[in-house]
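J.: From the sequence below, what's the structure:
(one chain, ligands or ions: 2)
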Amino acid sequence: MSVPQYSASFSFFSFQFPSCLFLFFIIIVAATSSSPCLANVVTNNGTRRHRQLSVDYYAKTCPSLEQLVGSVTTQQFKESPVSGPATINLFFHDCFVEGCDGSILIASKQGSKELAEKDAEVNRELRVEGFETVRKAKEAVERKCPGVVSCADILAIAARDYVHLAGGPYYQVKKGRWDGMISMASRVEPNIPHANDTVDQLIKLFNTKGLTIQDMVALSGAHSIGFAHCKHFVTRLYNYKGKGQPDPNVDPKLLNALRMYCPNYGGNMDIVAPFDATTPFVFDQAYYVNLQKKMGLLASDQALVLDPRTKPFVQEFANDKNKFFQAFAAAIDRLSLVGVKRGKKHGEKRRDCSMHS
Ligand code: HEM
Ligand SMILES: [Ca+2]
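T.: Residues are numbered from 1 along each chain as shown. Ligands and ions are numbered 1, 2, ... in the order given. Predicted coordinates for the structure are as follows:
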């Protein structure tokens, strides 16, 4: 497993302030089974329907699909490792709005009153590298298997590749999703979790997608890699709950470090901090270990260790990487089946993922 040079694991506390800390704060300009399975699909209106997806769905029509996507993800990961977190987050944001149907990839139509999902406020932070990965992978797939493979399936495969490339578990991706016909910015807000959501709100939201508390805690482990903009955690640093004090559940050294880069007023809006201060490019269980040390970045991350419903899972995953990997693989499999569409009546196969066909 090759991990990019600057992603070597280092300890937050071994850092000298302030000279080395910049490594953690990057200014980003620009923003298992092969038999068919019965997916328990939750549709937008909450009803459940059974639809079939399978690991070998494209065995006849596009047998080299996984290699084609894999060549793009491997290359992208080498050239720009942030493509990993970018694509995993993109997949999550796709699945939670209209289901895993590529609706996030649609570009807004010029002059149209309703913006597409990708232009909703929370989605404007999604990095271009995720969209680029899907675009390049789709191009490679279209050259070999024109008009056959959905964008939604390509995104699901690419997200899996990056989890594995970053050191996480390898799992089989079930395929056979069709691309969705609806992409509306107004549908995004109520379906995407926020950094200041309570555990109760998070549990409820994940539950509406058919995901359990354990799934939610395991999937949050995706924050083992990637970065967040200051605005998502700045109130924790200065004015937690409007009381003019920092959140008592932030480790003092982390607090100081984060304050240096995220001033209370007038900071650079492009500055981001790593979710996992110890191994920000390695998909491992350090995220959960850090939560136990008050080193969670978002209030919603730290809250997982403070609530009795989620804390036992945090402890289990912190202590046992294999348990985390197993739970993550099972949870992302369930995530990847949320709201999937099958057939011409409900979906499309786009050639250009950013446009309806
Ligand atoms: C549990 C509720 C969750 C909340 C409140 C949450 C919130 C956030 C926020 C605020 C960011 C930073 C966005 C930015 O500043 O650009 C972020 C980034 C990220 N999220 Fe989550 N998230 C949650 C669950 C998930 C899940 C389930 C996954 C995937 C399975 C995920 C994967 C990621 C990744 C990989 C990033 C980093 C993106 C990058 O560096 O480009 N998150 N999340
Ligand atoms: Ca979607």
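J.: who in the stretch 1-150 of the chain is up against ligand 1?
T.: 82, 85-86, 88-89, 92, 125, 127 (CB under 6 Å from any ligand atom). Just so you know, the C-beta spots here come from the backbone N, C-alpha and C atoms, and that holds for glycine as well.
J.: Could you rerun that using 8 Å?
T.: 82, 84-86, 88-89, 91-92, 122, 125-127, 129-130 (CB under 8 Å from any ligand atom).
J.: Which of the residues you listed fall in strands?
T.: Applying DSSP state E to those, no entry is found in strands.
J.: Identify the farthest-apart pair in these.
T.: Using CB to CB, these span at most 19.9 Å, a distance reached by Gly84 and Val122.
J.: ok, the two, which is more surrounded?
T.: In this view Gly84 and Val122 are compared by other CB atoms under 10 Å, and Gly84 has more residues nearby, 32 against 16.
J.: correct me, but the more buried one touches Gly167?
T.: No. Assessed by CB atoms under 8 Å, Gly84 is found out of contact with Gly167, at 9.9 Å.
J.: list residues touching both of those two?
T.: Shared contacts of Gly84 and Gly167 (CB atoms under 8 Å, 6 or more residues apart in numbering): Phe283.
J.: For ligand 1, give me its nearest residue in the stretch 101-250 of the chain.
T.: Across the stretch 101-250 of the chain, the shortest distance to ligand 1 (CB to the nearest ligand atom) belongs to Gly226, at 2.5 Å.
J.: I'd guessed that residue sits against Phe275; true?
T.: Yes. Here Gly226 reaches Phe275: they are 5.7 Å apart, a contact under CB under 8 Å.
J.: the more surrounded of those two?
T.: Taking neighbours as other CB under 10 Å, Gly226 and Phe275 compare with Phe275 leading, 25 against 22.
J.: Need the contact partners of the lengthiest helix in the chain.
T.: When the chain is parsed with DSSP state H, its longest helix is helix 128-144. Residues outside helix 128-144 that contact it (CB under 8 Å, 6+ apart): 30-31, 62, 64-65, 68-69, 71-73, 76, 80, 82-83, 86-87, 89-90, 105, 118, 148-149, 151, 154-155, 157-158, 351-354.
J.: chain center to the helix or strand following that helix: distance?
T.: Downstream of helix 128-144, the first helix or strand assigned by DSSP states H and E is helix 151-165. Centroid separation between helix 151-165 and its chain, computed with CA atoms, centre = their mean, to the nearest Å, is 11 Å.
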